[in-house]
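*Asks:* pasting the sequence and the predicted model now:
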Amino acid sequence: MKKVRRLEGEKVGRKEDRLFYLKELSSNECQCGRHKSPRNSFCFRCYSDLPPHMQKELWQMLGDGYEAAYDAAVHYLNS
């Protein structure tokens, strides 16, 4: 469980949120620690482990639902 965005009850400003998600998207390291391609949310293995509806939600634009989809996917993968 390497990259979890928020702790329970943590408040983070909108600018900091966007920077976090932009950094994750541009990174070449998945939340699990394996290699991923920049502009992908997860490595192939993690992405494949997600249910189809969660995979689809990750294609939303930043600021238009992507953040919640990413957080839900990380929670799903780490539970």
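*Replies:* Perfect, I can see it now.
*Asks:* surely L62 is within a strand?
*Replies:* No: counting by DSSP: H, G, I helix; E, B strand; the rest coil, L62 falls outside a strand, being coil.
*Asks:* mind checking pLDDT for it?
*Replies:* pLDDT for L62: 87.
*Asks:* elements contacting whichever strand or helix holds Y70?
*Replies:* If you go by DSSP states H and E, Y70 is part of helix 66-77. Judged by 3 or more CB pairs under 8 Å, 6 or more residues apart in numbering; DSSP states H and E, the packing partners of helix 66-77 are helix 14-26, helix 44-49, helix 52-57. In short, each C-beta sits where N, CA and C put it, glycine included.
*Asks:* just want the most central residue of this protein.
*Replies:* For the chain, Y70 is the residue whose C-alpha lies nearest the centre (CA atoms, centre = their mean; 3.4 Å).
*Asks:* does that one touch F20 like I think?
*Replies:* No: taking contacts as CB atoms under 8 Å, Y70 lies outside contact range of F20: 9.4 Å.
*Asks:* by mean pLDDT, show me the worst of the helices and strands packed on helix 66-77.
*Replies:* Taking the mean pLDDT of the helices and strands packed on helix 66-77, helix 14-26 comes last: a mean of 86.
*Asks:* if you count contacts, what does it end up packed against?
*Replies:* helix 66-77.
*Asks:* can you show me the CA trace of the helix it packs on as PDB?
*Replies:* Written as PDB, here are the backbone C-alpha positions of helix 66-77 (Å, rounded to 0.1, in the frame of the first residue of the first chain):
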ATOM      1  CA  TYR A  66     -11.200  11.200 -12.100                       C
ATOM      2  CA  GLU A  67     -10.000  12.000  -8.500                       C
ATOM      3  CA  ALA A  68     -12.800  10.000  -6.900                       C
ATOM      4  CA  ALA A  69     -12.400   7.200  -9.400                       C
ATOM      5  CA  TYR A  70      -8.600   7.000  -8.700                       C
ATOM      6  CA  ASP A  71      -9.200   7.000  -4.900                       C
ATOM      7  CA  ALA A  72     -11.800   4.300  -5.100                       C
ATOM      8  CA  ALA A  73      -9.600   2.200  -7.300                       C
ATOM      9  CA  VAL A  74      -6.600   2.500  -4.900                       C
ATOM     10  CA  HIS A  75      -8.900   1.600  -2.000                       C
ATOM     11  CA  TYR A  76     -10.200  -1.500  -3.900                       C
ATOM     12  CA  LEU A  77      -6.800  -2.700  -4.900                       C
END
